[in-house]
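Asks: no sequence on this one, just coordinates:
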């Protein structure tokens, strides 16, 4: 299942609800969930903040659903 859809449904929200929060058309948001178009970085930031998760989680770079803490971020810096 698409992570955006999973996060949205966990909050019992419709696509139109998230689209309104992001100030975009519902049809565009639907394309994000269907992975038909790439999500702009500013929109990814808004979604990560809204769901209290990381962009890495939204992009399948991690399975850790929680947002990063400052201590984790310092440990992971190269």
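Replies: Noted; the coordinates are in hand. For clarity, every value in this text was computed on a predicted model and none was experimentally measured.
Asks: list the buried residues of stretch 6-15.
Replies: For stretch 6-15, burial by neighbour count (16 or more other Cβ atoms under 10 Å) applies to 7, 8, 15. From N, CA and C alone the C-beta is placed, and that goes for glycine too.
Asks: element containing the most centrally placed residue in the chain, please.
Replies: Nearest to the mean C-alpha position of the chain, by Cα atoms, centre = their mean, lies residue 47 at 4.1 Å. If you go by DSSP states H and E, residue 47 is part of helix 41-51.
Asks: helix or strand next in line after that helix, which one?
Replies: Using DSSP H and E, the helix or strand that directly follows helix 41-51 along the chain is helix 55-58.
Asks: got a list of contacts for that following helix?
Replies: By Cβ atoms under 8 Å, 6 or more residues apart in numbering, the surrounding residues in contact with helix 55-58 are 3, 4, 39, 44, 45, 47, 48, 51, 62, 63, 64, 65.
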